[in-house]
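Student: Take this sequence and fold it.
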Amino acid sequence: MSPIDPFGGAELLTCAQAAKLLPGHVAASTVWRWMTRGCRGHRLASIIVSGARRTTKDAIREFLAAITAEADGLRPPLRTPRQRERAADAADRRLARAGM
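Tutor: You can find the predicted model right below:
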């Protein structure tokens, strides 16, 4: 799950706006549940702005790809270069704290 950058230029969507983008009859409460509890071990990335949860189209794409892959028994999509970089930085910080 990629973190959402509120200043990255992507349009921030409310639960209701996100639900309207999805095919079928997805309720805003379902989108909220995906953000807070998740589905099949994956959570829809979101941030809180002015007391309301917001997400992006990219976050929805990543979430749907992950839960579809999980349902199909496939591996979830690989991490993006930014996600790999952040994970490497976090590992470096843990090693530095451990004195290595």
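Student: Please make it C-alpha for all contacts and neighbour counts, starting now.
Tutor: Will do.
Student: Give the burial count for residue 68, as a bare number.
Tutor: By other Cα atoms under 10 Å, 15 other residues sit near residue 68.
Student: Restrict the helix or strand encompassing it to CA atoms and write it as PDB.
Tutor: Residue 68 is located in helix 57-71, with elements delineated by DSSP states H and E. Output of helix 57-71 as PDB, limited to C-alpha atoms (Å, rounded to 0.1, in the frame of the first residue of the first chain):
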ATOM      1  CA  LYS A  57      -7.800   6.700  -7.900                       C
ATOM      2  CA  ASP A  58      -4.300   5.200  -7.800                       C
ATOM      3  CA  ALA A  59      -4.900   3.900  -4.200                       C
ATOM      4  CA  ILE A  60      -8.200   2.300  -5.400                       C
ATOM      5  CA  ARG A  61      -6.400   0.700  -8.400                       C
ATOM      6  CA  GLU A  62      -3.700  -0.800  -6.100                       C
ATOM      7  CA  PHE A  63      -6.200  -2.000  -3.600                       C
ATOM      8  CA  LEU A  64      -8.400  -3.700  -6.200                       C
ATOM      9  CA  ALA A  65      -5.400  -5.300  -7.900                       C
ATOM     10  CA  ALA A  66      -4.200  -6.700  -4.500                       C
ATOM     11  CA  ILE A  67      -7.500  -8.100  -3.400                       C
ATOM     12  CA  THR A  68      -8.100  -9.600  -6.900                       C
ATOM     13  CA  ALA A  69      -4.600 -11.200  -6.800                       C
ATOM     14  CA  GLU A  70      -5.300 -12.600  -3.300                       C
ATOM     15  CA  ALA A  71      -8.700 -14.000  -4.400                       C
END
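Student: Buried ones in that helix, by neighbour count?
Tutor: Residues of helix 57-71 classed as buried under the neighbour-count rule (16 or more other Cα atoms under 10 Å) are 59, 60, 62, 63, 64, 66, 67, 70.
Student: helix or strand right after it?
Tutor: Remark: after helix 57-71, the chain's next helix or strand is helix 81-97, criterion DSSP H and E.
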